[in-house]
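[1] here is my input, please return the structure:
(2 chains)
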Amino acid sequence: MYKSVTNRRSFIKKMAMLSAMTAAASMFPGILFASEQEKGIPKDANLDWKKGPCRFCGVGCGILVGTENGKAVAVKGDPNCSVNKGLLCVKGYHQIMCIQSKDRLTHALVKKNGRYVQTPLDEALDIVANKMKETIAKHGKDSVAMYTSGQSTIPEGYVASKLMKGAIGTNNLDCNARLCMASAVTGFLTSFGADEPMGCYEDIDYADYFITWGNNMAEMHPVLFSRMLEQKSRRGAKIIDFATRTTRSSTASDRSILFEPQTDLAVANAICYEIIKNGWVNKSFVEKHCNFSKGLTNIGYGLEDKFNFTDKPEKIDFEAYKEFLKDYSPEKVSKYSKVSVKDIKYLASIYGNPNKKVVSYWCMGMNQHTRGTWINNLVYNIHLLTGKISQPGNGPFSLTGQPSACGTAREVGTFTHKLPHGVVMNKKDREMAAKIWKVPVERIPSKPTYHATEMFRAVDRGDIKFIWTQVTNPLVSLPKTGRYRPAMEKKSCFVVVSDVFPTPTSDVADVILPASWHIEKGGLYGNSERRTQHWDKMVEGPGETTPDAWMTIEVAKRMGYGDLFPYSKENHVEEIYNEYKQFHEGAKHGMAPLEVLKKESGVIWPYVNGKSTQWRFNAKYDPACSNGEDFHFYGKPDGKAVIWQRPFEEAPEKPDKEYPFWLNTGRVVEHWHTGSMTRRIPILHQAMPNAYVEFHPDDAKSLGIRNGENIKVTSRRGSCILPASINERGLPTKGQVFVPFFDENMLINDVTLDAFCPISKEPDYKKCAVKVERV
Amino acid sequence: MPIKSYLAHAIKGKKEELMKALVSLDQCEVVPAENQDILALVTDTPNEKEEEILKEKIEAISSLKLLSLVSGFNTPQN
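    Numbering: from 1, shown residues only, chains lettered A, B, ... in the order given. Below is the predicted model of the structure:
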C-alpha cells in the first residue's frame, strides 16, 4: 500500500517517541506519560471510563479503559486501585492496541482436507461436543482433556472444572499455571496448609528490606518495583537482589548478590544456620507456632514418562534440624554457591535483625526449579525462625506471573488434583463439590491424573485422544517443545484451540474457536495478593468472538449436561460467581459479594464482615484465628506452621565438556509470555522485535562472538538460532547464557529440559546445559 | 534526515524549565513524564550536521542533567 513520505516520517517520529517512552518505562518502572496517553483522544470526546484489571501479569494493576462509540480508545491507570495507585507499565498502557490486529481470530475455523474453513460458531461447537462425546464413548472419559490458563477468568476456570470433574467425571484438567507457580502452591501447602501469601502489597510501605530471590521485578513486576523504589528514596528502604543474572533490578538495587544456579537451596540453609548460630531465632514464636519436619531426599526429576512421587513427611525436633544445618555453614556453602561468606552472613544478618522488617519476593526463579517446593519451604523457614511473618512489612511473598494464576488456577482449582474447595483426594471436598454442582459424588474421581507436562506426554503416547486448550499457547511455552509439537500434530489426538490470535498452538488445531479478549467480556481475576477484581464487558468483540466460559457452557449443553449449566448468556458471569462463592464461605476464605466487587477496584479475601483481611494468620488482623494466641496457622490441624529440613540437591543436567553453558530462560518487560498479544502491539514489538541470546562479555570474547551475530544454542533436545546480545539488557554470569522465550520464531523451548519438581510438577526453565556456536 | 529519540533527565525540580527550553527549539518534540524528572524527546533534523548542532544546543541547557539516546532513524528527504 502506498504511504507518503510525510506519513511515513510522522509515523517514524511517533515510533521514536514511543521508543523513548518504552525505554523510560523499563528504566523507571511506573513512570507515567499521561498526556501522551490522552493526546489521541479528541477534545470533544465523551469517553466512558470503565474499570478493570490489567490483562498482563499477576500484579493486578487497576486500569480505566476509555470507550467511545463502542470502541476502546484509551487506557490509564486506575487511581482508586491501591495496587498501582494510577501507575501502569508500558505493557499496561498499550494493551488495548492488540484488539485491532488484522489477523484477529474472528470466526471459528475447522480443518477440512488439510485447510482451515471458516465455519459458523454453532456448527464448530457441535463438532467439538460430538468429538468429545464420541471419544469418551470409544476410549473412556480419561481419553479427553482440557488445558486452561492462569489468564482464564474465574468463571471460565469454574465451568471448565465443572464440565471435566463434575459432568464428565475425569480429572484430566490442568493449566499453564502449573508452569509458573505450582511450586509456590505446594510450598504454601506443605509449610502452612493453606495456599497463597499471608501478606499483601501494603507490606511495601512498611518493610525496611526487600530481598528478591531470583526475581527481576523491574521488568516482570514493574509497578510493584516502582513502589519499592519509592520507599527506597522516601524512607531509605533497601533492596537486595539475589539472582543468577545481573538485570535492571540488580542495577536499581542497593546490593546485587549472584549465585550459581540451583545453589539457592544451600544459601537459604546457610542463612538459617547463621540465624541459629548467632542466637537470632525468635524462640517464643518458634516454640508456640512451629513444628519441624523432614521429607524424602534424592527425589528425582520427573524426566521419565509416568513419573510418580509421594513425599513421606516425618516429624523431627529442633536439635535434629540444627544438626542437619551443620553441612550448610557459610564457609562450606560459599565453595559451591559462589556467594562469598561475607554476603551469606550479610543476608542472614538482615533477616536476623529483630529491629528490621523484611519482605522476601520471588517468582519464576524459585518456582521453576526442580526443587521448587523445597526452595519455597526454605525461604519460609527463614521467616518462621525469625518470626518475621504475617505482619505489615514482614513476610515471604511469592508473586505470580499471570493475572489470575491465584484467582482461577489456585482458587477455582483448574489443576488435576484440585476442586474449587480443596482437593479431589479429600472425600469431604468431593462431597462439597458434588452438593454445589448437584452431581453424584461418585462421579468426581478421587485420583489426580495428568499435570501439564505429563498431559502432553500422554498426548504423545496416544493416551489422550482429545484436548481442548483455552487462553494458552503450550507449543511455545512448554519445555522441550520439540517433543510436544509433533505430539500435537499426531492424528491420534483431536485438538481444539480457543484463542484470540493465531499461534503455533492453533496451527496444529483441528478446530479453532474465536475467543473474546478480556474487555470484550465481563469477568473476574484474582491477583498475587488475594485480591479479586471484577470488570464488566466494555466493548463488543469482532465477528463471532465469544467468551471462553460461554463456549464451554455451550459444549456442555450439547453433550447433554445442560441441567448442570443453567446459566444465561447475558448474566453467566454473575450467576457463576455466585455459585462458586459458596465453596469459600467462612472466615478463612470468604469472597466479597459481587456488588462490592463491582464498586471497588478489587477486594482482598478473606472478606469477613465487610472487611478485607490483609494479613492472614495474625490474630490482630485475621478473624479466622481462633487459638487465643497472637498467631494461628490454621491451615494445619494443630495450628502450627512447619519448618522443613530440605537439603541442597544438584540440578538434573549441569554444564559439561560437550554442553559447557547453563541456559536460563525468562521474560522481558515489553512482552507478555509467548508474545501472542504484545507482539501485535506495534510499540512493544518495535521496542523488542525478536529474542536474543545474552552472553557474559568474557565468554563472548573468548568465543570470538560479536554483538548481533547469529548463534546456535544447542542442548541434547534441540537447537535454536538467535542473535548474540552482549552488555545490553542483562548480564548473565560467566558460563551462563540467557534467552527470553516470547519469540515464536526463535523457539528456545525446543532446547529446554522437561524436568520438574517431583512435588509440584512444575518444570525448571532456568537450568539446563547447552553449547553455543557461531553460524 | 535523522529522527532521534532521547530521554532528557532534568535537574531535580527543573523539569518545567527544561520543558520550556526544549519546546522553544523548532526541531524538538517533547512529552514530559508525570511523576519523574524525565522527558521523552524526539528530534527531527535535515541532516547529521544539523542534528549535531541541535544536540550541542540541548546539552547547553542549564536545567538538563543528562541526555541519553534511545533510538535513531534515518529517512529519505521529504
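[2] what's around the residue nearest to residue A:564 when sequence neighbours are not counted, how many residues?
    In this structure, residue A:564 finds its nearest non-sequential neighbour in residue A:167, 5.4 Å apart by CB to CB, 6 or more residues apart in numbering or on different chains. Quick note: C-beta positions are derived from backbone N, CA and C, even for glycine. Using other CB atoms under 10 Å in any protein chain shown, residue A:167 has 21 neighbouring residues.
[3] how about the one 5 residues further on?
    A count of nearby residues for residue A:172, using other CB under 10 Å, gives 25.
[4] quick one: residues contacting residue A:66.
    If a contact means CB atoms under 8 Å, 6 or more residues apart in numbering or on different chains, then residue A:66 has A:41, A:45, A:47-49, A:72-76 as its contacts.
[5] among these, name the buried ones.
    Listed as buried from the contacts of residue A:66 are A:47, A:72-76; burial here means 16 or more other CB atoms under 10 Å in any protein chain shown.
[6] and of those residues, the nearest to chain B?
    Each of the buried ones among the contacts of residue A:66 was scored against chain B by CB to the nearest CB, and residue A:76 proved nearest at 10.5 Å.
[7] and the helices in chain B?
    B:15-23, B:48-59 (DSSP state H).
[8] the shortest one and chain A in contact?
    This means helix B:15-23. No. Helix B:15-23 does not reach chain A (CB under 8 Å from any CB of the partner chain); its nearest approach is 11.0 Å.
[9] please report how far the nearest residue to residue A:398 once chain neighbours are set aside lies from residue A:653.
    Counting by CB to CB, 6+ apart, residue A:398 lies nearest to residue A:184, which is 3.8 Å off, once chain neighbours are set aside. Between residue A:184 and residue A:653 the distance is 23 Å, computed by CB to CB, to the nearest Å.
[10] likewise for residue A:359?
    33 Å.
[11] more neighbours, those two?
    residue A:359 (26 against 22).
[12] go ahead and confirm the more buried one touches residue A:208.
    No. Using CB atoms under 8 Å, residue A:359 is not in contact with residue A:208; the gap is 9.2 Å.
[13] which neighbours do these two have in common?
    residue A:393.
[14] residue A:57 is in contact with residue A:91, isn't it?
    Yes. The pair residue A:57 and residue A:91 qualifies as a contact (CB under 8 Å) at a distance of 7.3 Å.
[15] neighbour count: the two, which is higher?
    Comparing residue A:57 with residue A:91 by other CB under 10 Å, the one with more neighbours is residue A:57, at 28 against 24.
[16] enumerate every residue touching the residue positioned nearest the centre of chain B.
    Geometric centre of chain B, nearest residue: residue B:41, 4.2 Å, by CA atoms, centre = their mean. By CB under 8 Å, 6+ apart, the residues touching residue B:41 are A:20, B:5-8, B:22, B:28-30, B:58, B:67.
[17] which residues in chain B form strands?
    Along chain B, counting by DSSP state E, strands occupy B:2-10, B:28-32, B:38-44, B:64-74.
[18] of all those, which one comes closest to residue A:139?
    Distance to residue A:139, taken as CB to CB, is lowest for strand B:64-74 among the strands of chain B, at 55.4 Å.
[19] quick one on the thing from earlier: dump the contacts of residue A:66 into CSV; add secondary structure and pLDDT as well.
    Below are the contacts of residue A:66 laid out as CSV (DSSP: H, G, I helix; E, B strand; the rest coil; pLDDT from 0 to 100):
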residue, secondary structure, pLDDT
A:41, coil, 61
A:45, coil, 71
A:47, coil, 87
A:48, strand, 90
A:49, strand, 93
A:72, strand, 91
A:73, strand, 86
A:74, strand, 85
A:75, strand, 87
A:76, strand, 85
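[20] can you list those in a markdown table and add distance to chain B?
    A markdown table is the format used below for these (distance: CB to the nearest CB, whole Å):
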| residue | distance to chain B |
| --- | --- |
| A:41 | 15 |
| A:45 | 20 |
| A:47 | 19 |
| A:48 | 23 |
| A:49 | 17 |
| A:72 | 22 |
| A:73 | 18 |
| A:74 | 15 |
| A:75 | 15 |
| A:76 | 10 |
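[21] with distance to residue A:683 as new columns, can the residues you listed be given to me in a markdown table?
    Formatted as a markdown table, the contacts of residue A:66 follow (distance: CB to CB, whole Å):
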| residue | distance to residue A:683 |
| --- | --- |
| A:41 | 17 |
| A:45 | 21 |
| A:47 | 21 |
| A:48 | 25 |
| A:49 | 22 |
| A:72 | 16 |
| A:73 | 16 |
| A:74 | 14 |
| A:75 | 13 |
| A:76 | 16 |
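[22] all good on my end, thank you.
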